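A.B. asks: 3D, please:
(2 chains, ligands or ions: 1)
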Amino acid sequence: MSAALLIDFGSTYTKLRAVDLAERRVLGSGQGPSTVATDIMIGMQAALADLERRLGGLPAFRYRLASSSAAGGLRMVTVGLVRELTAEAARRAALGAGAKLVGTFAYRLTASDINAIHELAPDILLLAGGTDGGNSEVVIANARRLGATGLACPVVYAGNRAAAEDACAALAGKTVIVAGNVMPEFNVLDIEPARAAIRQVFIDRIVRAKGIDRAQSAFDAVLMPTPAAVMEGARLLADGIGGRGGLGPLVVVDPGGATTDVHSVADGAPAANVVAVGLPEPRIKRTVEGDLGMRHNAATIADVAGLERLAGETGLSAGRATALLDSVARDVGWLPRTAEEIAFEQALACAAVKHAVARHCGTIETVHTVHGPVTVQHGKDLSHVNAVIGTGGAIVASPNPGGILAMTLADPLEPLSLRPAAPRLLLDRHYLLYACGLLNTVDPQAALELALAHLEPIAGENTHERTRRA
Amino acid sequence: MAANQRTLVTGVIGSDTHIVGNRILSMALEKSGYKVVSLGALTPAGDFVKAAIETAADAILVSSLYGQGELDCRGFRDLCVEAGLDHILLYVGGNLIVGKHPWPAVEKIFLDMGFDRAAPPGTRVETVIEWLHEDFATRDRDLRRALD
Ligand code: B12
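C.D. replies: Numbering: from 1, shown residues only, chains lettered A, B, ... in the order given. Model prediction:
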C-alpha cells in the first residue's frame, strides 16, 4: 500500500489524515492538541497515537506533508500607496498567500502607523507602492521609515521595480525579498510573484520561528499556511489537471472559530452588456471576514445579523440568545448539546455564511448616464459557478448542512448581489480540502480523485427559497 | 521603458461615453513617445488623480464631450493639490460647454479652474503634442533655474 500522511497544525488542534494513494480513499484520521506554546511535538505525538489507535497500526508513509495555521497563523501587514490600487493589490496578495492580515496601510506611513506596525509584530511585512516606473518617492520613504525601526520580520518588497534598489538600501540590515510588482501597470494586477515569495519565506523562516520545526522528525515538509492549502485544494477541484476532470468554477465557504473564509475559483467576468469597474479581480480569490467567527467573533455575527433575528429564527427569547452568545464567545471549545443550543449554532452558522458569501460576491448597480442606464459590476459575478463546497466544523457537525449552504445562494429579493444561482452543494465532510491541496504538490491525480470521491452532494434544503424562485 | 519617458494619464470624465477622440489622442501621444495610462470613458475625477499618483504622471489630459465639462471638472485642480500633485500639468479638451459660446469665455472658465490649457472643439492631435513639448520644456527650464 502506498500511503500519505497529511498534517494540519491548526490553531487549536493538530489534525491528521492518512490516505491510501492507490485506492484513493481515506484510511483514517487522528487529532491532538496544537501544543505550539510548549513543544508542538507533544500534540503531534498525541495525534499520531490517536491515528494509530484508529487504524490499528501506522502504515509506512510515502509522503508526510503539513500545513500550518498554528501560533496565530501567518500574521501579515501590508503597505501600499493608493488605498484602492497598490494597497488593495498588496492586501489581495497576502490573503491569497494564506496569510492572516493584521494590518493594512496606505500612502505615507506616519509615526503612529509605524508604532502600530511595531505593536502588531507581523511575521512578514509586504511593501508595495507605485507602478513600475511610476511613483517611487512614497515607497522609498516608507522603506526608510520601516528601516529605521527595530521591526525584526522579513519584508517582501513588491512595489515599483524602479525603486527596488533604493528601498532595499533603506531597509539595510533587515531580511528583504524582492518580488515582482503587485501592480506593474496601472490597474493590472500581478499578485502571483508576491504570493510565491510569501510562501517561500513561510517555508524558509516562519515554520522555524514558530517552533513548528520541532516536529520535523514527524513530517517531510511544512509546505504552506493552511488557508493556502485549502485554496490549492479548491483550485485543483475546480480546474482538474491540465484543465480536465475538475468541477469547473466553484466557491468554498469555511466558517471557522475566528473568521469565515470564502474562496472562489472563477473568472467572475461580467455578463454581456455589463461593464466591470474597479481593480481587476483575481481568478482565485480569498476573502476573510474577521467579524464573522463562530466562537471568538460570535458577538459580531449577532451585530451584523441582528440578535433579534437570530433569536427569532431559533425560537429563543432575546435574553436566552444573549446568554447563549455569551457562553459561545467565552469558550472556544463550546459545543452545542441541547436542541436549543444546536438551533442557535445553526442560526449563527447560517448568518456567518450568508454575510461572508454576500461580501465575497460582486454586485451590480445601475448608473444613469445621459444616454440611458448602464449596468456596472463591482467585484466578481459568481452567479454561474457550478458548485459551492462547505467545509469546517460548523457545517460538518450541523444536523442540516444543506440549510447552511443554501444561505450562499442568490435571492430573487436581492437581485443586485451576484451570488451563485444554481450550483451543486457539496460537503467536505472529511475535511479533505487542505489535505488535497497538500497532496496536489506530489500526486495531483490522486489528490483530485480523492477529493472528488469524498465530497458529499447535499440537497439545498431551503424550501421557501426554492418556491420563491420557481 | 525609457528612464526619462514622460507619463500622461488620459480619460473621458464623468458620465461621458464619447471615447473616439480620446482614443485617437491617446494613441497619437503614445506614438510620439509618451507613456500613456489610458483610463477610457466614464472616468470619475478621483480616478484620474489616483492613477496619476501610482504612476507618477507628469500630466493629466481630461476629455469632456457631452456638454457637462464645467460641472465634472469643477475642483479638479484642488483634488490634485489635495493628493500632493501640486504641480502636475492639467489639460482639458473636447466639447466643453453646451451651446454656442465664444471660445475665449469658455477657455477662461477652465483656466480659472486651474487647468494649464483648454482645447477648443476640433483641436488636432499635432497641436496637443506641440503644447506638451512646449510646456515640458518650460518646466525643465524653470526647474534648472530653481536649482542654479
Ligand atoms: C459620435 C458621437 C456620439 C456617439 C459616441 C460614440 C462613442 N462611444 O464615442 C453617441 C451616439 C453614443 C453619442 C451620444 C451622445 N452625444 Co454625441 N456626438 C458624437 C459626435 C457626432 C462625434 C464625436 C466624435 O467621436 N468626434 C470625433 C473625435 C475624433 O473628435 P473629438 O472627440 O472632438 O476629439 C478631438 C479633439 O476634440 C481633441 N480632444 C479630445 N479630447 C481632448 C482632451 C484634451 C485635453 C485635448 C487637449 C484635446 C482633446 O482631440 C481629438 C482628436 O482631434 C459629436 C459631434 C461632433 N461632430 O463632434 C456629438 C456630440 C459630442 N454629442 C453630443 C451629445 C449632446 C450627445 C448626447 C448627450 C446625446 C443624447 N442626448 O443622448 C449623448 C451623450 C452620451 C454620453 N453619456 O456620453 C453633442 C455635445 C454637445 C455639447 N458638448 O455642447 C455633440 C457635440 C453633438 C452636437 N453638436 O450636439 N454621441
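
A.B. asks: hmm, the helix or strand of chain B with the lowest mean pLDDT touching the ligand?
C.D. replies: Ranking every helix and strand in chain B by mean pLDDT, DSSP states H and E puts helix B:76-82 at the bottom, with a mean of 87. No: Helix B:76-82 does not reach the ligand (C-beta under 6 Å from any ligand atom); its nearest approach is 11.7 Å. Yep, even glycine has a C-beta here, placed from its N, CA and C like the rest.

A.B. asks: Quick one: name whatever helix or strand follows that helix.
C.D. replies: For helix B:76-82, the following helix or strand on the C-terminal side (DSSP states H and E) is strand B:89-94.

A.B. asks: which residues does A:Q45 contact?
C.D. replies: Neighbouring residues of A:Q45 by C-beta atoms under 8 Å, 6 or more residues apart in numbering or on different chains: A:32, A:218.

A.B. asks: Does it lie in a helix or a strand, and which?
C.D. replies: A:Q45 belongs to helix A:40-55, assigned by DSSP H and E.

A.B. asks: And the least confident helix or strand of chain B, what does it pack against?
C.D. replies: helix B:45-55, strand B:89-94 (3 or more C-beta pairs under 8 Å, 6 or more residues apart in numbering or on different chains; DSSP states H and E).

A.B. asks: Of all the ones you listed, which one comes closest to chain A?
C.D. replies: Taking C-beta to the nearest C-beta as the measure, the helices and strands packed on helix B:76-82 were each checked against chain A, and helix B:45-55 came out nearest at 3.8 Å.

A.B. asks: is chain A contacted by that closest one?
C.D. replies: Yes: using C-beta under 8 Å from any C-beta of the partner chain, we find that helix B:45-55 touches chain A at B:50-51, B:53-55.

A.B. asks: Mind listing what's buried along the lengthiest helix in chain A?
C.D. replies: The residue-count maximum for a helix in chain A (DSSP state H) belongs to helix A:339-360. For helix A:339-360, a neighbour-count test (16 or more other C-beta atoms under 10 Å in any protein chain shown) marks A:341-360 as buried.

A.B. asks: for stretch B:67-74, same thing?
C.D. replies: B:68-69, B:72-73.

A.B. asks: Now it - C-alpha only, CSV.
C.D. replies: The C-alpha trace of stretch B:67-74 is given here as CSV (Å, rounded to 0.1, in the frame of the first residue of the first chain):
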residue,chain,number,x,y,z
GLY,B,67,-21.5,69.3,-22.6
GLN,B,68,-21.2,68.8,-18.8
GLY,B,69,-17.5,69.5,-18.6
GLU,B,70,-17.9,72.6,-16.5
LEU,B,71,-19.7,70.6,-13.8
ASP,B,72,-17.5,67.5,-14.0
CYS,B,73,-14.2,69.4,-13.9
ARG,B,74,-15.0,71.7,-11.1
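
A.B. asks: host element of B:I60?
C.D. replies: strand B:59-64.

A.B. asks: which of the residues of helix B:45-55 next to chain A tops the neighbour count?
C.D. replies: Counting neighbours by other C-beta atoms under 10 Å in any protein chain shown, B:E54 comes out on top of the residues of helix B:45-55 next to chain A with 29 neighbours.

A.B. asks: tally of neighbours for the nearest residue to A:A164 once chain neighbours are set aside?
C.D. replies: Closest residue to A:A164 apart from its sequence neighbours, by C-beta to C-beta, 6 or more residues apart in numbering or on different chains: A:V178 at 5.3 Å. A:V178: 18 surrounding residues under other C-beta under 10 Å.

A.B. asks: need the contact list for A:V178.
C.D. replies: A:157-158, A:164, A:168.

A.B. asks: So, low pLDDT: which residues of the chain?
C.D. replies: I'll assume chain A. Residue ranges of chain A with pLDDT under 70: A:369-371, A:460-470.

A.B. asks: Sorry, I should have been clearer: chain B.
C.D. replies: Using pLDDT under 70, chain B drops low at B:1-3.

A.B. asks: And the strands in chain B?
C.D. replies: B:7-12, B:35-38, B:59-64, B:89-94, B:117-119 (DSSP state E).

A.B. asks: The last one - contacts with which helices or strands?
C.D. replies: Here strand B:117-119 is seen to pack against strand B:89-94, helix B:103-112, helix B:125-147 when contacts are counted using 3+ C-beta pairs under 8 Å, 6+ apart.

A.B. asks: got JSON lines for the ones you listed, with mean neighbour count and distance to A:V182 too?
C.D. replies: Shown next, in JSON lines, are the helices and strands packed on strand B:117-119 (neighbours: other C-beta atoms under 10 Å in any protein chain shown; distance: least, C-beta to C-beta, whole Å):
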{"stretch": "strand B:89-94", "mean neighbour count": "24", "distance to A:V182": "28"}
{"stretch": "helix B:103-112", "mean neighbour count": "14", "distance to A:V182": "36"}
{"stretch": "helix B:125-147", "mean neighbour count": "12", "distance to A:V182": "30"}
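
A.B. asks: what would the ones you listed look like in JSON lines with distance to chain A?
C.D. replies: Below are these laid out as JSON lines (distance: least, C-beta to the nearest C-beta, whole Å):
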{"stretch": "strand B:89-94", "distance to chain A": "14"}
{"stretch": "helix B:103-112", "distance to chain A": "19"}
{"stretch": "helix B:125-147", "distance to chain A": "16"}
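
A.B. asks: after the strand or helix carrying A:A276 comes which helix or strand?
C.D. replies: A:A276 is part of strand A:274-277, with elements assigned from DSSP H and E. Once strand A:274-277 ends, the next helix or strand along the chain (criterion: DSSP H and E) is strand A:284-289.

A.B. asks: ok and the helix or strand following that next one relative to helix A:339-360, angle-wise?
C.D. replies: Per DSSP H and E, the first helix or strand lying C-terminal to strand A:284-289 is helix A:298-305. Counting by axes from the mean of the first three to the mean of the last three C-alpha atoms, to 10 degrees, helix A:298-305 lies at 60 degrees to helix A:339-360.

A.B. asks: mind checking how far helix A:298-305 is from the chain centre?
C.D. replies: Taking C-alpha atoms, centre = their mean, to the nearest Å, one finds helix A:298-305 lying 20 Å from the centre of the chain it belongs to.

A.B. asks: same for that helix, what does it pack against?
C.D. replies: helix A:318-330, helix A:339-360.

A.B. asks: ok, the residues of helix B:45-55 next to chain A vs the ligand, which is closest?
C.D. replies: Relative to the ligand, the closest of those is B:A51; by C-beta to the nearest ligand atom it sits at 15.1 Å.

A.B. asks: Name all residues that make contact with the closest one.
C.D. replies: Residues in contact with B:A51, defined by C-beta under 8 Å, 6+ apart, are A:85, A:186-187, B:9, B:37, B:39, B:57.
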